[in-house]
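Trainee: have a look; sequence and predicted model below, questions after that.
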Amino acid sequence: MQNLALISLFAPFMAFILASCFSLSKKKIIVGFLCSFFIALSALSSLILLFENQSFNIALFEWIPTIGLSFGFDIDAVSLTMMSVVSIVATLVHFYSIFYMQDDEGFNKYFSYLGLFVFSMMFLVMSDNFLGLFIGWEGVGLCSWLLIGFWYKNNKYSFAANEAFIMNRISDLGMLIGIFWLYLQTNTLKYDEVFSLISSIDHSALVLIAICLFIGAMGKSAQFPFHTWLADAMAGPTPVSALIHAATMVTAGVYLVIRANIIYDLVPEVSYIIAFVGAFVALFAASMALVATDLKRIIAYSTLSQLGYMFVAAGLGAYSIALFHLVTHAFFKSLLFLGAANVMHAMNNNLDIRKMGGLFNPMKITAIFMLIGSLALAGIYPFAGFFSKDLILGYSFITFHHGIFLVLLIAAFMTAFYSFRLLMLVFFTPKRHNTHPHEASKLALLSMTPLAILAIILGFFEHKFFDFISIKLVYINAQNSLVMILASIAAIFGILLAIVAYKKSWFKPNLEQKNIYKLLSNEYYIPKFYHNFLIKKYASLCAVMKHCDIYIFDACIDKIVLNLNLLSKKIIMSNSLSLMLKFLVAAFVILLFLVWMV
């Protein structure tokens with residue numbers, strides 16, 4: 001069984017090595033298929049371990065002997081769940097990418113980045129200590145930079161990649177401080193050892209550790225105020241968005257809070273902050289998606305909103321429910337992104353949903369797949385999102401956090417509305433373009449089919465999931481009939497409103513002149529604020545330092561060098577033996593003085 005775990009971990013790394021060997025060569029379709037099969041092997045190994053319900057630890061070798069830290073991997077219910085989700089979605093994204101990237105010159109290089117990305121995420125979720133987790137954490141950060149900026153010759157895309165990288169580096173500093181502080185308090189970083197000693201740590205120190213770790217989670221999962229990079233990350237190839245936004249990078253923050261649940265249980269004040277931030281982001285992101293016109297950005301905002309739901313569950317102590325929503329969300333969200341990739345491919349890379357329409361007839365299968373994903377996202381029975389999202393709403397209700405419940409309910413209505421707004425404008429309203437769209441290839445549709453099936457049936461495995469995960473996380477029965485009714489009404493009302501409003505063209509172009517529309521379409525002017533008050537100020541500071549470097553420091557050094565050069569020439573040209581002897585004696589005296597001082 002340990003060999004299966006190692007295959008799960010290192011098969012993506014082998015895909016990276018294989019593709020790297022051909023990264024500078026001409027495109028070879030076989031590279032894409034071989035890499036995909038390596039990732040599929042990782043998925044198969046993970047699923048065997050999952051179904052066998054295995055639990056064990058692997059220690060490869062001593063890493064830092066002075067603190068007794070080894071490269072170790074912990075296989076338990078939580079890590080097996082994450083391993084399975086990551087590898088399944090990654091496998092399907094790999095096969096889909098063969099179709100999507102088939103005409104790209106960087107085909108081989110793309111698959112090398114993708115393999116390293118999956119390996120880093122697997123390393124993150126399998127590690128048995130915080131430092132190993134941090135290595136995987138930084139690995140996915142690096143790979144996201146490489147993939148978001150894959151078409152780096154485009155300055156806009158390059159800026160988006162740099163934004164994601166820098167934003168995460170800022171938050172990762174907080175996480176690193178938390179890890180250092182944790183080691184100072186416990187003298188270990190292994191999960192089991194840390195959690196066994198955690199109750200003996202001073203409460204104020206524990207609060208600081210919990211906050212610092214959550215700052216890292218906020219950056220990786222793009223929670224406010226580190227949220228701006230997530231929508232801009234759409235610059236990368238769309239299958240990458242399906243992987244980053246569904247199963248890997250952005251879910252790492254939620255995974256960290258779930259993995260460190262013993263710490264957060266002891267600091268309820270920090271946990272409440274996590275829940276409040278999550279509720280705010282759920283509503284905040286959903287409101288921006290209401291008016292967004294970029295196909296991929298709308299789905300990105302929905303990711304941001306659903307991450308808010310997960311943090312609410314984790315912040316309120318329902319870690320198993322947070323993990324369940326993470327699992328269901330991974331499949332229907334990756335389905336939506338790959339559907340968006342089909343639309344984008346058919347529309348010659350046009351992403352403005354106002355310039356689409358009438359795509360249902362030429363793209364029936366994609367439309368059905370995106371409809372399934374949207375129904376799951378909206379939380380309509382019997383789709384997977386209904387089961388997991390309602391549990392979060394139910395738990396916030398039965399624990400008497402009625403304010404959070406109301407915010408999430410409003411966000412659920414908004415989610416249903418903007419999801420079907422997207423579907424209506426893309427597929428079911430009159431044609432507003434001059435292109436001749438076509439359905440994606442059979443390989444692409446075949447890759448999406450398992451995601452569609454899982455988005456439909458996964459919710460029915462709710463009880464089996466909680467039975468399995470209860471080994472590590474406490475099972476909480478949060479089902480509530482009233483909540484289910486209210487959530488269903490909110491979702492159905494949002495869907496019907498979107499259908500009727502866009503069928504009858506209720507929203508006129510002059511709506512864009514309204515202040516509220518401008519506020520939402522400009523993302524509450526937060527990116528503009530960051531640009532004017534942070535980026536520009538930093539650029540001005542850099543310009544000042546550049547001038548200081550050129551006109552002060554460099555000028556001083558140049559002057560000193562010039563004078564020394566003149567002095568040396570004067571000494572050399574004098575041909576005075578007595579002057580040379582004087583210098584020799586002076587140097588000898590100085591040397592003796594230095595020896596005496598030492």
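Mentor: Happy to help now that I have it. Computed from a predicted structure; not experimentally measured.
Trainee: measure Met288 to Leu351 for me?
Mentor: Distance of Met288 to Leu351, computed by Cβ to Cβ, to the nearest Å: 16 Å. Any C-beta I mention is one placed from the backbone N, CA and C, and that applies to glycine too.
Trainee: and Gly139, how many neighbours?
Mentor: Number of residues near Gly139 (other Cβ atoms under 10 Å) recorded here: 18.
Trainee: one more: the one 3 residues further on?
Mentor: Under the neighbour criterion other Cβ under 10 Å, Leu142 is assigned a count of 15.
Trainee: quick one: secondary structure of it?
Mentor: Here Leu142 is recorded as helix under DSSP: H, G, I helix; E, B strand; the rest coil.
Trainee: quick check: pLDDT value at it.
Mentor: pLDDT, Leu142: 93.
Trainee: show me the contacts for His309.
Mentor: You called it His, but residue 309 is Tyr. Contact analysis of Tyr309 by Cβ atoms under 8 Å, 6 or more residues apart in numbering lists 278, 282, 325, 389, 392, 408, 411.
Trainee: format these as a markdown table; extra columns: pLDDT and neighbour count.
Mentor: Output for the contacts of Tyr309, formatted as a markdown table (pLDDT from 0 to 100; neighbours: other Cβ atoms under 10 Å):
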| residue | pLDDT | neighbour count |
| --- | --- | --- |
| Gly278 | 95 | 30 |
| Ala282 | 95 | 28 |
| His325 | 95 | 27 |
| Lys389 | 93 | 29 |
| Ile392 | 95 | 33 |
| Leu408 | 96 | 29 |
| Ala411 | 96 | 27 |
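Trainee: would you check that Asn350 makes contact with Arg432?
Mentor: No. Applying Cβ atoms under 8 Å, one finds Asn350 not in contact with Arg432, separated by 10.6 Å.
Trainee: which single one of the contacts of Tyr309 is nearest to Ile485?
Mentor: Using Cβ to Cβ, Lys389 comes nearest to Ile485 of those, at 14.1 Å.
Trainee: between the contacts of Tyr309, which is nearest Ser42?
Mentor: Closest approach between the contacts of Tyr309 and Ser42, by Cβ to Cβ: His325, at 23.8 Å.
Trainee: excluding sequence neighbours, find me the nearest residue to the closest one.
Mentor: Spatial nearest neighbour of His325, excluding adjacent residues (Cβ to Cβ, 6 or more residues apart in numbering): Ser388 at 3.9 Å.
Trainee: wasn't the one you found part of a helix?
Mentor: Yes. The assignment for Ser388 by three-state DSSP puts it in a helix.
Trainee: and it, how far from Ser320?
Mentor: If you measure Ser388 against Ser320 using Cβ to Cβ, the figure is 11 Å.
Trainee: got it, and Met484?
Mentor: Met484 is 19 Å from Ser320, by Cβ to Cβ.
Trainee: who's more crowded, those two?
Mentor: Ser320 (26 against 18).
Trainee: wait, doesn't that one sit right on Leu473?
Mentor: Yes. Using Cβ under 8 Å, Ser320 makes contact with Leu473 at a distance of 4.1 Å.
Trainee: picking that back up, check contacts around the residue nearest to His325.
Mentor: So Ser388 contacts 321, 324-325, 327-329, 459, 462 (Cβ under 8 Å, 6+ apart).
Trainee: and the strands in the protein, which stretches?
Mentor: Assigned by DSSP state E, the strands in the chain fall at 56-64, 69-75.
Trainee: reformat those as JSON lines; add distance to Ala161, mean neighbour count and mean pLDDT.
Mentor: Listed next are those as JSON lines, based on distance: least, Cβ to Cβ, whole Å; neighbours: other Cβ atoms under 10 Å; pLDDT from 0 to 100:
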{"stretch": "strand 56-64", "distance to Ala161": "30", "mean neighbour count": "13", "mean pLDDT": "83"}
{"stretch": "strand 69-75", "distance to Ala161": "29", "mean neighbour count": "20", "mean pLDDT": "85"}
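Trainee: what's the local residue count around the spatially closest residue to Ala378 that is not a sequence neighbour?
Mentor: In space, and not counting its chain neighbours, Ala378 is closest to Ala416: 3.9 Å by Cβ to Cβ, 6+ apart. By the criterion of other Cβ under 10 Å, Ala416 has 28 neighbours.
Trainee: any idea how far Arg354 is from Ala416?
Mentor: Taking Cβ to Cβ, one finds Ala416 at 21 Å from Arg354.
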